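Asks: When you get a sec, could you give me coordinates for this:
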Amino acid sequence: MSTPAIPFHKIKRAAVLGSGVMGSRIACHLAQTGSEVLLLDLPSAEGPRNAIADGHLKAAIKSNPSPLYSKRFAQRITTGNFDDDLAQIANCDWIIEVVVERLDIKQQLFERVEQFRTPGTFITSNTSGIPLAQLSEGRSEDFQAHFCGTHFFNPPRYLPLLEIIPGPKTKPEVLSFLEAYGERILGKQVVVCKDTPAFIANRVGVFAIQALFHTVSEMGLSVEAVDKLTGPAMGRPKSATFRTCDVVGLDTLVHVANGVATNCPEDERAEVFQTPDFVKHLVDNNLLGSKSGAGFYKKVKNDQGKSEILALDLKTLEYRPKVKAKFATLDMAKAVDNLEQRTKLLFNGQDEAGTFYRRIFADVFAYVANRVPEIANEPYRIDDALRAGFGWELGAFESWDAIGFEDGLKAIAERGLAVPDWIETFKAQSDGTFYRNVDGVRQCWDPRSGSYEAVGGQEGRLSLAWLPDSATVWSNSGTTIQDLGDGILNVAFHTKMNSIGAEVLEGVNKAIDLAESDDAWRGVVISNEGAQFSAGANVGMIFMMAVEQEYDELNYAIRMFQNTVMRLRYSGIPVIVAPHQLALGGGCEMCLHADKVIAHAETYMGLVEFGVGLIPGGGGTKEFVLRLNDEMHDGDMRINRLRDRFLTIGQAKVATSGHEAFELGYLREGIDEVVVNRRDQLARAKRAAIELSEAGYTQPLQRKDITVAGQEGLGIVYVGAHSMKSGNYISEHDQLISEKLGHVMCGGDLSARTAVSEQYLLDLEREAFVSLCMQRKTLERMQSLIQKGKILRN
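Replies: The predicted model follows:
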């Protein structure tokens, strides 16, 4: 993906035509990525003229999960209606149509748009499958030259796929601009598609679901068994198959499947898109999933008045209590963290699960092979679409590589399916895998050239997965240090949930040691490509030390953690931390002490130790006091700011985005950054390390000028905690934790405001942490989290 000739700042104002579920959420995403947005819909027959658009936008903003990184971005959206406000599109740089999926209605709207659209303005449709040639028929040359499909996936904030479909007359520069804009500004995984029915993701993704339905019928498997087999175990979302169908809506699934069946009569598996009887039963009875209250699953109240989830029995078509499924292959797979290795294990299972996996993989492998070049010239585009649109961790061809080409081919033959000629050429001329890495460049087999070609979208980007084995500088059981090039080291965690224990601390310290002792290195990045950046410190390790009353060892472990995070801030080289997804507890404390944080927009950061009966003990409490001190201005009420910081920790507030992390004080304005595309993050973090080094980075001095409130603040904390306890808002143990937290944040029992050092606060923090580990109720909270995964309030 090259830089487009049209500058990104061309898109200052966008119009979204249609304010329903998709339209309102596309408007939210455009607003939070920098555009002023005009959101239009039909005029209301009753009440205010803009009531429809206003109502849809209000519902979107209130929805959970939120479509906005921060509610403040909603102020960039202006609502209106087609009759009174359509003329305003003349001032817009991009017009996106998101009305009902009917050709006649879209064409009528485009005819009205042509009356007001300024020549040169981008005009796109969010159609999920109507041919672009039909949509633009009868429109002006300029309209058609600037027209294409932009198919967002719902919800647009969270699902990164954006399929862009050129029309018959779309200018190449328009296509290249929207592709680059989608990637760099909107944070999307853009896949340029051919104008074929259902495009790429839905064509293959819906086939995979439909084929699975038929396999389920063949094997007589239950709904809950299939969802156990097709969830995280095989690198798919937790909602797996049937729960996903309920969330999406069975009517939507049937609509897409029927569209493919009707419009693709030459598809060799067209019969698979026919709706199975059990799906017809649900649709005919308006059991469409979550939107109607029941689908494959149904939530009811049992005799005890408690909520219970029932599952549909696919034989009787009646709802019944869920039955726990158990498979030997899945039990073996639990011990395998590597997804490629686990996929191969599942495929080779010798029980009913193994048979199931071989059948569904064979169906998909044969299908995607036969869709090249019909829907995509390059196999990687199909994989990109499945990962970004359906949440598959491995695309179809990537899964085939994991299983082994010959084993996949054998399963296809056993299923009685055929493969296209290019697969035979691939078998004869390739390395035996669809993908390979050469000198840090990911390549994929291209059937057109009969050779490996670079996968698109790598320019200016960096991935740990692309690095050669020779890039590994050092490793232990929990971390790997790799050479990113240009004198920058990367430390990646690979523990369970990337929790931070002794092995991770050793790796971080080792990277800093290497960088400080060898002039070949000039900076360190801490990032990884796991599902989470870090769920925090190893609670299991802390719990065991506390239960065995090894308090000296526990004190040493916490001191080691504190010393490590302080090295991030006070080493002789710049240290950049690049979090994504969960950055909780100790993971958040790593971020708090970095020279600079390059956070992904979808970073959920917080100091959550209160929930397990503790306070932040790895420098988090200290850092909040330091930042409170630096934020003070003449005339500010210190106690009010102290209260806000105290409540952020005491209520275990977690930022729901990188942007909200600024609002909660986890990130620093003017220092830290948010990147919207995860695939841009590592390269940006590396550049940040280089920039600090080249700017003449020098080792900072530890702070000794932190003003704390002493007894004045402590008295207010104690009174507040007592009041909350008296009102039954918190438990007695919550009160104790609150008082310990306040003791640290106020600098202890000092008689007056005093300037203290970071080390002074760290010592108070550690003392409070260890003392709480001596409390039975804290141990009960930790045990609940470890054994049940639930927060206990005792």
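
Asks: Tell me how many other residues surround residue 729.
Replies: A count of neighbours around residue 729, defined by other Cβ atoms under 10 Å, yields 10. (Each C-beta comes from the backbone N, C-alpha and C, glycine too.)

Asks: Excluding chain neighbours, give the residue nearest to residue 239 in space.
Replies: Excluding its sequence neighbours, the residue lying closest to residue 239 (Cβ to Cβ, 6 or more residues apart in numbering) is residue 247, at 6.0 Å.

Asks: and if you look at residue 655?
Replies: Among residues not flanking residue 655 along the chain, residue 661 sits closest, at 3.8 Å (Cβ to Cβ, 6+ apart).

Asks: tell me which element that neighbour is part of?
Replies: Element membership for residue 661 (DSSP states H and E) is helix 658-663.

Asks: Could you list the buried residues of that helix?
Replies: Neighbour-count burial for helix 658-663 flags 658-662 (criterion: 16 or more other Cβ atoms under 10 Å).

Asks: Can you lay out the residues you listed as TSV showing pLDDT and distance to residue 386?
Replies: Formatted as TSV, the buried residues of helix 658-663 follow (pLDDT from 0 to 100; distance: Cβ to Cβ, whole Å):
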residue	pLDDT	distance to residue 386
658	98	26
659	98	29
660	98	30
661	98	30
662	98	34
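
Asks: Dump these to a markdown table, plus distance to residue 225.
Replies: Conversion of the buried residues of helix 658-663 to a markdown table gives the following (distance: Cβ to Cβ, whole Å):
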| residue | distance to residue 225 |
| --- | --- |
| 658 | 38 |
| 659 | 41 |
| 660 | 39 |
| 661 | 40 |
| 662 | 45 |
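
Asks: Is residue 29 in contact with residue 156, as I believe?
Replies: Yes - taking contacts as Cβ atoms under 8 Å, residue 29 lies within contact range of residue 156: 4.5 Å.

Asks: Give me the common contacts of these two.
Replies: The contact sets of residue 29 and residue 156 overlap at residue 67 (Cβ atoms under 8 Å, 6 or more residues apart in numbering).

Asks: so what secondary structure elements neighbour the helix holding residue 661?
Replies: Here helix 658-663 is seen to pack against strand 596-600, strand 603-606 when contacts are counted using 3 or more Cβ pairs under 8 Å, 6 or more residues apart in numbering; DSSP states H and E.

Asks: now those in TSV, with distance to residue 135 and mean pLDDT?
Replies: Output for the helices and strands packed on helix 658-663, formatted as TSV (distance: least, Cβ to Cβ, whole Å; pLDDT from 0 to 100):
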stretch	distance to residue 135	mean pLDDT
strand 596-600	34	99
strand 603-606	38	99
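
Asks: Next, format those as CSV and append distance to residue 781 and mean neighbour count.
Replies: Compiled in CSV, the helices and strands packed on helix 658-663 are given as follows (distance: least, Cβ to Cβ, whole Å; neighbours: other Cβ atoms under 10 Å):
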stretch, distance to residue 781, mean neighbour count
strand 596-600, 28, 25
strand 603-606, 17, 26
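
Asks: among the ones you listed, which is nearest residue 193?
Replies: Of all these, it is strand 596-600 that lies closest to residue 193, at 25.7 Å by Cβ to Cβ.

Asks: Alpha carbons only: can I get that closest one in CSV?
Replies: The C-alpha trace of strand 596-600 is given here as CSV (Å, rounded to 0.1, in the frame of the first residue of the first chain):
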residue,chain,number,x,y,z
LYS,A,596,6.6,7.2,26.1
VAL,A,597,3.6,5.1,25.5
ILE,A,598,2.4,4.2,22.0
ALA,A,599,-1.0,2.7,22.8
HIS,A,600,-3.4,1.1,20.4
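
Asks: Can you list the strands that it pairs with?
Replies: Strand pairing for strand 596-600, using DSSP bridges, gives strand 575-577 (parallel), strand 673-675 (parallel).

Asks: Poorly predicted segments of the stretch 351-500 of the chain, please.
Replies: Residues of the stretch 351-500 of the chain meeting the criterion pLDDT under 70: none.

Asks: Strands of that one, residue ranges please.
Replies: 435-438, 441-446, 451-454, 472-475, 479-485, 488-493 (DSSP state E, counting those that start in this stretch).

Asks: Of the strands paired with strand 596-600, which stretch is the most buried?
Replies: Highest mean neighbour count of these: strand 575-577, a mean of 28 (counted as mean count of other Cβ atoms under 10 Å).

Asks: Closest one to residue 418 out of the buried residues of helix 658-663, please.
Replies: Looking across these and measuring by Cβ to Cβ, the closest to residue 418 is residue 658, at 47.6 Å.

Asks: May I ask you to confirm that the closest one is in contact with residue 674?
Replies: Yes - judged on Cβ under 8 Å, residue 658 makes contact with residue 674 at a distance of 3.8 Å.

Asks: which neighbours do those two share?
Replies: Counting by Cβ under 8 Å, 6+ apart, the residues touching both residue 658 and residue 674 are 599-601, 603, 667.

Asks: Against which helices or strands is the strand or helix carrying residue 280 packed?
Replies: Here residue 280, judged by DSSP H and E, is contained in helix 277-284. The contact analysis (3+ Cβ pairs under 8 Å, 6+ apart) places helix 277-284 against helix 201-219, helix 250-263.

Asks: now residue 83: how far from residue 112?
Replies: 10 Å (Cβ to Cβ, to the nearest Å).

Asks: Tell me which of the two has more neighbours.
Replies: Set residue 83 next to residue 112 and count neighbours by other Cβ under 10 Å: residue 112 wins out with 14 against 11.

Asks: now the more buried one, what's its secondary structure?
Replies: helix (DSSP: H, G, I helix; E, B strand; the rest coil).

Asks: pretty sure it contacts residue 87?
Replies: No - in this structure residue 112 lies outside contact range of residue 87 using Cβ under 8 Å: 10.2 Å.

Asks: Pull the number of nearby residues for the nearest residue to residue 354 once chain neighbours are set aside.
Replies: Sequence neighbours aside, residue 329 is the residue nearest to residue 354 in space, at 5.3 Å (criterion: Cβ to Cβ, 6+ apart). By other Cβ under 10 Å, 21 other residues sit near residue 329.
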